[in-house]
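Participant: With the sequence up front, the predicted model follows.
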Amino acid sequence: MARFDNAGLTLLKRFEGCRLEAYQDSAGIWTIGYGHIEGVSEGQTVTQAQADAFLCDDAAHTLTVLNLLTGGVTTAGFQLNAWVTPSRPETPCCRC
């Protein structure tokens with residue numbers, strides 16, 4: 001099973017940016033931290049530690065899905081980093 005590495009998390013953090021107060025993204029979805037959308041509501045705030053935990057949980061979920069889709073195919077860390085970063089909740093495929 002492939003793992004997401006620190007370089008991938010750094011890339012996600014740079015790509016997403018972090019907002020500690022809930023905001024509506026371009027699709028009108030309430031979002032917080034580094035693009036976290038599950039259970040987020042207007043006026044919600046989080047600490048930096050909570051935002052980091054959401055990011056790790058969201059990346060782990062995406063990695064689980066990718067591991068299922070790749071079915072044991074050996075992948076390099078940089079490949080996973082490239083797949084996980086654009087597959088964040090902002091992309092329509094992740095809301096299916």
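Facilitator: Right, received. Where do you want to start?
Participant: what comes up buried for the longest strand along the chain?
Facilitator: In the chain, assigned by DSSP state E, the strand with the most residues is strand 19-24. Across strand 19-24, burial judged by 16 or more other Cβ atoms under 10 Å covers 19, 22. Every residue, glycine included, has its C-beta placed from N, CA and C.
Participant: Touching that strand from outside, list them.
Facilitator: Where contact means Cβ atoms under 8 Å, 6 or more residues apart in numbering, the residues beyond strand 19-24 that reach it are 30-33, 40-48, 51.
Participant: repeat for stretch 44-57
Facilitator: With Cβ under 8 Å, 6+ apart as the contact definition, stretch 44-57 has outside contacts at 9, 12-13, 16, 18, 20-22, 30, 32-36.
Participant: out of the residues you listed, which are buried?
Facilitator: By 16+ other Cβ under 10 Å, the contacts of stretch 44-57 give 9, 12, 16, 18, 22, 30, 32-36 as buried.
Participant: which pair in these spans the largest distance?
Facilitator: Set against one another by Cβ to Cβ, the buried ones among the contacts of stretch 44-57 have their most distant pair in L9 and W30, with a gap of 22.9 Å.
Participant: tilt between the lengthiest helix in the chain and strand 19-24?
Facilitator: Longest helix in the chain, counting residues (DSSP state H): helix 48-70. Helix 48-70 runs at 60 degrees relative to strand 19-24, counting by axes from the mean of the first three to the mean of the last three Cα atoms, to 10 degrees.
Participant: No further queries at this time; thank you.
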